[in-house]
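S.K.: What would the 3D arrangement of this be:
(one chain, ligands or ions: 2)
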Amino acid sequence: MNIAANPVVEADQTVYLKDYEKPSFAVDSINLDIQVYTDHTNVNATLVMKRQTAGDLVLLGRDLELKSITLNGKPLTANDYSLDAEQLMIANAPDEVILETEVIIHPESNTQLEGLYQAGSDLFVTQNEPEGFRKITFYPDRPDVLSVFTTRVEADKKFPVLLANGNLMEAGETGEGRHYTIWEDPTKKPAYLFACVVGDLAVLKDSYVTSEGRNVALEIYAVEKDIPKCHIAMEALKHSMRWDEEHYGRPYDLDNYMIVATSAFNMGAMENKGLNIFNTSCVLADEEFTTDAAIMRVQSVIAHEYFHNWTGNRITCRDWFQLCLKEGLTVFRDQSFSEDLQSAAVQRIDDVAVLKAHQFPEDSGPLSHPPRPDHFVEINNFYTATVYEKGAEINRMMSTLLGKEKFRQGTDEYFRRHDGQAVTVEDWVAALTAGSGVDLSAFLIWYNQPGTPKLEAQGEYNAAAQTYTLSFKQSLKAHAKYPNLKAVPIPVALALFNAETGEQYALNSSALFENGVKDGVYLFDQDTATIEFTGVTAKPVVSLLRNFSAPVNLEFNYSDEELAFLVQYETNGFNQWQATQTLLERILLNGHDAEVYIQAIKNTIPDLVEKDPLLASRLFDVPSEGYLGSRIDADYKPVEIQEKRNALLNTLARELGEFCKATYLALDPDLQKEFSQAMGVRALKNIMLTMLARQGDSEAFDLAHVQYLNTGNMSERLGALKVLVWNDAPQAKDTLADFYNRFKDEALSLDQWFMLQAAHPKATVESIQYLISHPDYDLGTPNRIRSVSGGLNANPVNTWGFAVQHYIDLAKYLDEKNPILGSRLLQVLSRWYTLAEPQRSDVKTALEALKSQVKSKNVAETLNSMLSV
Ligand code: B3K
Ligand code: ZN
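M.R.: Ligands and ions are numbered 1, 2, ... in the order given. Below you'll find the predicted structure:
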């Protein structure tokens with residue numbers, strides 16, 4: 001349907017959860033034959049189907065050229081079915097159907113990176129989640145249709161690698177320089193997990209023996225020169241396989257596990273059964289080319305996709321409204337895995353920082369939706385921070401409340417009940433409840449309503465009675481599309497500290513907790529409640545939401561001194577960090593004095609540098625301009641925020657200058673044995689160097705230049721380059737050129753080169769124009785587009801009008817070429833309505849002008865939502 005003339009998404013395009021119906025036919029098996037040629041691909045499919053309910057036989061198909069169709073051996077003519085741009089429908093089909101179709105598709109011109117597409121001159125890959133399979137063949141392409149797939153892949157021998165899901169059954173030649181393979185996947189799966197790959201790739205091989213004794217061949221495919229960068233991913237894969245056995249009792253179930261790396265990919269990676277396809281950015285990792293943060297991300301994405309094998313693949317979603325069932329649970333699992341790889345406190349800090357920087361703003365603006373929405377136009381628009389990150393938080397809350405043992409009993413019950421099924425969020429919560437013996441049904445409210453709850457708390461100490469009273473109140477902003485908002489269950493992990501001694505009250509060993517607080521967690525599930533602690537011998541400082549035990553906005557009237565106390569004495573690293581962030585936000589947004597924070601840092605860091613250097617580095621985090629902007633709901637003036645932030649950074653650099661220099665010179669990452677400790681030391685050193693450069697220490701640029709030249713580690717090299725470039729040091733230009741020359745053939749490292757310049761705090765229209773007209777800038781590679789648009793977004797002031805137009809132009813260009821990406825990038829502007837005038841009206845006018853120029857459901861739905869404030 002062409003909606004260009006009126007991009008208001010029409011009512012009949014909205015899909016509602018309440019309209020869910022079982023599919024009329026099940027597919028017992030599908031046989032696919034995919035023959036790839038340079039200018040087209042033939043796809044022949046045989047579907048063995050059985051009726052389940054009354055109704056027409058509906059096969060979804062998009063951009064397919066139908067050559068022939070037969071039903072139970074009888075060729076059909078156009079009169080026997082109805083066909084439109086989205087589906088093929090056969091009325092009065094018999095109860096048992098063998099349907100054979102022949103279609104032609106064009107992966108060589110598919111720029112949308114969905115379905116089967118050419119990903120460079122030597123590679124064809126698939127991306128079928130959520131609805132890409134319908135671009136390969138006619139099929140009931142919905143997650144509740146599970147089938148056994150057999151796949152034949154045929155191509156020219158210049159593509160030696162021919163892969164599909166499952167076990168390799170046969171391989172051979174067909175003549176005329178072509179060859180084929182046949183694969184059988186024994187486990188029933190929905191079509192979104194189908195994958196095939198045709199290409200010229202090298203492979204890194206390893207193996208793994210599961211707890212059940214199954215020997216699994218592990219293979220990572222990438223271009224030859226990248227194979228040495230696949231070892232970290234391979235280790236992470238084996239580690240994930242062991243971790244899932246140990247923590248969830250889940251062994252792997254096939255004889256092979258393959259991963260294929262491509263740079264032509266819209267997101268991080270895809271969990272296709274036994275044949276993951278990965279963005280190169282989430283699989284290639286090597287100290288020389290990759291930053292520590294990127295290495296951590298590779299490990300977590302490898303784990304994430306692997307964990308999907310049980311949470312997503314073996315047990316999948318009944319419909320796409322349930323997306324957070326598999327994503328929320330799998331993110332929670334990968335976050336827990338990563339907590340074992342590095343400082344657990346820092347992992348939690350980083351996960352919450354992402355939640356607060358992306359999900360909280362999303363949930364307070366026009367794109368707000370529940371983790372399980374009840375309607376959508378384009379499901380691709382719902383792979384959001386809310387579905388993933390807030391979804392993970394809901395699982396974390398339930399796990400916090402249950403404790404390790406009971407949570408495991410709950411997940412065991414989930415796997416026991418639902419293996420091989422396509423289920424709902426209700427099924428998940430019911431299984432957790434049954435397995436653990438604890439009624440968790442109230443947590444369903446979290447899945448069904450939007451918005452970040454506000455949690456207001458107040459504390460009162462009565463010295464004479466030695467009691468401390470805490471009262472709580474929760475509230476949620478009204479939402480036009482989701483009325484009837486209810487109170488949610490909020491696990492509040494808390495601790496009381498003796499303000500005089502800094503010691504923690506032993507809450508669990510005394511009669512202190514008699515008010516429903518168990519193992520340091522109080523479950524607050526009413527609109528208001530009050531609890532009282534007895535035997536509190538001296539004035540306490542309370543630490544609330546330890547480890548961020550619930551995704552809420554906490555309001556508690558701490559004094560700055562109490563926050564400084566928590567920075568110094570709280571034993572939960574996350575809450576130490578949270579206290580620094582609250583202090584810094586007060587300095588930046590409410591004009592508080594910086595001295596209390598500075599003193600707390602001076603008191604805390606020296607000990608921490610030894611114990612947990614990475615955590616020490618995080619305590620220097622100054623909230624980003626974007627994050628601060630997201631905390632302002634109206635009349636936001638980016639220039640003012642930037643000025644305040646710069647002033648604070650200058651104060652910190654001045655007051656901590658000597659300390660920073662001494663720390664910089666004393667630290668040596670090479671003395672650390674563990675990667676995680678070395679990573680912490682590198683992070684801290686880079687921050688110290690940044691501070692030194694800011695306070696104008698004449699030696700800082702020399703130190704940075706030496707660090708740049710003398711290292712083989714990307715975090716050190718990039719950290720030093722950033723200091724030189726962002727401060728316009730005399731060495732900046734040559735060093736940038738040097739970086740380019742060293743890494744011009746390394747796409748991911750070159751992305752960093754683009755990003756660093758785009759995020760330059762004093763970037764100009766000219767400097768950005770230089771980047772987007774650079775010969776290495778490429779609108780066909782999402783990673784490269786993001787490196788510039790992401791950098792630009794970090795730095796919203798100097799290039800304001802130009803940057804807005806850049807996002808609008810990208811959305812317009814990608815609307816046709818790659819609407820999934822276009823819609824995603826446009827969301828950068830979703831908080832336009834909070835801006836002060838005249839920017840507010842400028843962006844609004846630009847967005848409105850875009851409306852009449854876009855065709856895709858993806859961009860149109862996003863645009864309509866963004867403008868509906
Ligand atoms: N399940 C995929 C995401 C697919 C996105 C489609 N637009 C990756 C993941 O979450 O593991
Ligand atoms: Zn996922």
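
S.K.: Contact partners for the residue of the stretch 651-800 of the chain at minimum distance from ligand 2?
M.R.: At 17.4 Å from ligand 2, P782 is the closest residue in the stretch 651-800 of the chain, using CB to the ion. (Glycine included, C-beta is placed from N, CA and C.) Counting by CB atoms under 8 Å, 6 or more residues apart in numbering, P782 touches L113, A264, F265, N266, N279, N818, L821.

S.K.: Now render these as TSV, adding pLDDT, neighbour count and secondary structure.
M.R.: Below are those laid out as TSV (pLDDT from 0 to 100; neighbours: other CB atoms under 10 Å; DSSP: H, G, I helix; E, B strand; the rest coil):
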residue	pLDDT	neighbour count	secondary structure
L113	98	22	coil
A264	97	20	coil
F265	98	23	coil
N266	97	18	coil
N279	98	21	strand
N818	98	26	coil
L821	98	25	helix
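
S.K.: which of those residues sit farthest apart?
M.R.: For these, the farthest-apart pair by CB to CB is N279 and N818; their separation is 13.9 Å.

S.K.: Quick one: the helices in the stretch 201-350 of the chain, in order.
M.R.: Per DSSP state H, counting those that start in this stretch, the stretch 201-350 of the chain carries helices over the ranges 231-248, 292-307, 323-339, 344-354.

S.K.: Any stretches of this protein with poor pLDDT?
M.R.: Where the chain drops to pLDDT under 70, the residues are 1-12, 507-516.

S.K.: can you list the domains in it?
M.R.: Following automatic domain parsing, one finds the domains of the chain at 26-200, 207-314, 316-448, 454-550, 558-604+623-655, 657-743.

S.K.: What's the end-to-end length of the first one?
M.R.: Spelled out, that is domain 26-200. 36 Å (CA to CA, to the nearest Å).

S.K.: does it come close to ligand 1?
M.R.: Yes - against ligand 1, domain 26-200 shows contacts by CB under 6 Å from any ligand atom at E129, P130.

S.K.: near ligand 2 at all, that domain?
M.R.: No - counting by CB under 5 Å from the ion, ligand 2 has no neighbours in domain 26-200; the shortest distance is 8.9 Å.

S.K.: Distance from the chain centre to that domain, please.
M.R.: Centre-to-centre, domain 26-200 and its host chain are 29 Å apart (CA atoms, centre = their mean, to the nearest Å).

S.K.: now the fifth one
M.R.: The gap between the average C-alpha position of domain 558-604+623-655 and the chain average comes to 26 Å, counting by CA atoms, centre = their mean.

S.K.: give me the number of residues near R717?
M.R.: A count of nearby residues for R717, using other CB atoms under 10 Å, gives 26.

S.K.: try N650
M.R.: Considering only other CB under 10 Å, N650 is surrounded by 14 other residues.

S.K.: how far away is it from A693?
M.R.: 12 Å (CB to CB, to the nearest Å).

S.K.: tell me the contacts of K22?
M.R.: Q52, T53, D144.

S.K.: ok, T262 - how many residues close by?
M.R.: Count around T262 with other CB under 10 Å applied: 24.

S.K.: In space, what's closest to it - neighbours in sequence excluded?
M.R.: A119 (4.5 Å; CB to CB, 6 or more residues apart in numbering).

S.K.: With D778 instead?
M.R.: The nearest residue in space to D778 (CB to CB, 6+ apart) is R784, at 4.8 Å.

S.K.: Mind telling me what element the one you found is part of?
M.R.: helix 782-793 (DSSP states H and E).

S.K.: Can you tell me the SS state at the closest residue to ligand 1 within the stretch 551-700 of the chain?
M.R.: Relative to ligand 1, the nearest point of the stretch 551-700 of the chain is P551 (19.0 Å; CB to the nearest ligand atom). Classification of P551 using DSSP: H, G, I helix; E, B strand; the rest coil returns coil.

S.K.: Just want the phi and psi numbers for it.
M.R.: Here is the backbone geometry of P551 (degrees, to the nearest 10): phi -80, psi 70.

S.K.: The one 10 residues further on now?
M.R.: Here the main-chain torsion angles of E561 (degrees, to the nearest 10) amount to phi -70, psi -40.

S.K.: Same question for L588.
M.R.: phi -80, psi -40.

S.K.: list the buried ones in stretch 653-671?
M.R.: A653, E655, L656, G657, F659, C660, K661, T663, Y664, L667, P669 (16 or more other CB atoms under 10 Å).

S.K.: now these as a markdown table including secondary structure?
M.R.: Converted to a markdown table, the buried residues of stretch 653-671 look like this (three-state DSSP):
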| residue | secondary structure |
| --- | --- |
| A653 | helix |
| E655 | helix |
| L656 | helix |
| G657 | helix |
| F659 | helix |
| C660 | helix |
| K661 | helix |
| T663 | helix |
| Y664 | helix |
| L667 | coil |
| P669 | helix |
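
S.K.: farthest pair in these?
M.R.: So, these by CB to CB: farthest apart are E655 and P669, at 25.8 Å.

S.K.: I figured C282 hits M296, correct?
M.R.: No - look at C282 against M296 with CB atoms under 8 Å: they stay out of range, at 11.1 Å.

S.K.: Quick check: L649 touching S624?
M.R.: No - with contact defined as CB under 8 Å, L649 and S624 do not form a contacting pair (11.7 Å).

S.K.: Which single residue of this structure ends up nearest ligand 1?
M.R.: E129 (4.2 Å).

S.K.: What is the burial count for that residue?
M.R.: 26.

S.K.: Let me see the backbone angles for T528.
M.R.: phi -140, psi 160.

S.K.: so what's the residue nearest to it when sequence neighbours are not counted bridging to?
M.R.: Leaving aside its sequence neighbours, T528 sits nearest to K473 (CB to CB, 6+ apart; 4.8 Å). K473 has the following beta-bridge partners by DSSP bridges: E456, T528.
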